[in-house]
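J.: Give the three-dimensional model of this entry:
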Amino acid sequence: MSDSPISTAEMLLLARDLVGPLLLGALLNVWLYGAFMMQVLTYFHHAPKDPMWMKIMVGGLTIIDTVNSVLSCYVAYDFSVNDFGDVSRILTATPVFAVMIITIAVTGSIVQIFFGFRVKWLTGNLWLGWSIIFAAFMQGLLGIGCSIGGYIVLEFVEFQKFRGLVVAWLVIAAIVDLTIAAVLVSFLRKARTGFEDTDDFLATLTRLTIQTGLITAVWATVDCVLFLTEDNNWHFMLNMALAKLYGNCLMSSLNARMEWQHSQLSSARRQRFSTTGKQHPIHTNVHVTTSSGIHVDDIEMEAPHVYPRPQSPVARDHKQVAPGGTTFGVPINRAVSIGSSRQEDGKLVWDM
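T.: The predicted structure follows:
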């Protein structure tokens, strides 16, 4: 590196292309960190019954993302303030910068592995699920390898020496994101039940899955393209925010379950209090067998499963003797709202 002085114009150019992207990346990182923390607080407030392993995962990601934001702010401050005017310093990566890259790779890998297990559990396709998990693990290792390579070569312009490692990391990450999104969308589309509320919720989940999968995939792809085509640090602006995108995608997916639960409660209340009028005694019997619904499965995913919905007294296998001594029942294969029952003068009366 030459020690000859440089002009003010050259210094401004270096600040724009080398320091500016790091500063903008830190600002974007902190902004997304605020959104991430709001979702984490929402999760722990509304999901106290989630399994311990899931809470540990969310807590671990929160710690890693917090460290990532602190390191991002330090990197921006170090390059823009501590190294202001020192050309040799702003052209060189630091150990803190290398650790920041590790937190990005680890966060992305954890989130993708979680979704890989989701694919395996929901679809029952072990080969596909474990392939996604393996690819997610490998992209994390590749990201850590990029961090180590950057610490070894130090100068940013020398990062092109391990460009194959960087490209493999970002391309695999994008492919895994797209694969996860495609599989989950296909599963959700096949899970439609014919019930309006259920299908509306599935449509919402489908849109959410597409959006989150595409955001991270497109972000990683653009990051890779900038790294290959631009001889500056602008790709780091996107890379520094990548961890927060993965964290927000995971938390939005987990918190979507609360929206479903609240909508179910509201729908149940509306259904319960929407029917008024006279009470009519019923002398016949209605025999309801089963019904379909959605619940959060035992691995705490928001995907649909069929289960017997909690039933009112009429929805149980209850048989009454009609006038004339005839006992009969009517099988109904879909969920219906019959009403509540009570006793009047020894007779079973339904409130329709």
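J.: Can you list the low-confidence ranges for the protein?
T.: The chain contains residues with pLDDT under 70 at 1-12, 191, 193-202, 204, 258-352.
J.: Show me it divided up by domain.
T.: The record's domain parsing of the chain by automatic domain parsing lists 8-269, 277-352.
J.: in this structure, which spans are helices?
T.: Remark: helices assigned in the chain by DSSP state H are 8-14, 20-46, 52-77, 87-90, 95-123, 126-153, 163-190, 196-229, 234-273.
J.: okay if I get these as JSON lines plus mean neighbour count?
T.: Glycine gets a C-beta too; all of them are placed from N, C-alpha and C. Output for the helices of the chain, formatted as JSON lines (neighbours: other Cβ atoms under 10 Å):
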{"stretch": "helix 8-14", "mean neighbour count": "11"}
{"stretch": "helix 20-46", "mean neighbour count": "18"}
{"stretch": "helix 52-77", "mean neighbour count": "17"}
{"stretch": "helix 87-90", "mean neighbour count": "16"}
{"stretch": "helix 95-123", "mean neighbour count": "21"}
{"stretch": "helix 126-153", "mean neighbour count": "18"}
{"stretch": "helix 163-190", "mean neighbour count": "20"}
{"stretch": "helix 196-229", "mean neighbour count": "18"}
{"stretch": "helix 234-273", "mean neighbour count": "19"}
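J.: Find the residue closest to Cys249 in space, skipping its chain neighbours.
T.: Nearest non-adjacent residue to Cys249, counting by Cβ to Cβ, 6 or more residues apart in numbering: Thr212, 3.9 Å away.
J.: contacting residues for the one you found?
T.: By Cβ atoms under 8 Å, 6 or more residues apart in numbering, the contact list for Thr212 reads Ala181, Cys249, Ser252, Ser253.
J.: Pretty sure the last one sits against Leu208.
T.: Yes - judged on Cβ atoms under 8 Å, Ser253 makes contact with Leu208 at a distance of 6.9 Å.
J.: Surely Lys244 touches Asn29?
T.: Yes - using Cβ under 8 Å, Lys244 makes contact with Asn29 at a distance of 5.8 Å.
J.: Name the residues contacting each of the two.
T.: What both Lys244 and Asn29 touch, as defined by Cβ under 8 Å, 6+ apart, is the set Asn68, Ser69.
J.: so how far is Asp50 from Leu254?
T.: Plainly put, Leu254 is 8 Å away from Asp50 if you go by Cβ to Cβ, to the nearest Å.
J.: cool, and Val87?
T.: Counting by Cβ to Cβ - Val87 and Asp50 are separated by 51 Å.
J.: for Ala181, same thing?
T.: Separation of Ala181 from Asp50 (Cβ to Cβ) stands at 23 Å.
J.: how about Ile175, what does it touch?
T.: Ala135, Ala217.
J.: I'd like the numbering to begin with 779 instead of 1 from here.
T.: New numbering, starting at 779: the last item is Ile953.
J.: For the residue nearest to Val945 when sequence neighbours are not counted, list the residues it contacts.
T.: Closest residue to Val945 apart from its sequence neighbours, by Cβ to Cβ, 6+ apart: Cys1002 at 5.9 Å. Neighbouring residues of Cys1002 by Cβ under 8 Å, 6+ apart: Val944, Val945, Leu948, Val949, Ala952, His1013.
J.: The second one reaches Leu1006, doesn't it?
T.: It refers to Val945. Yes - between Val945 and Leu1006 a contact is recorded at 7.0 Å, counting by Cβ under 8 Å.
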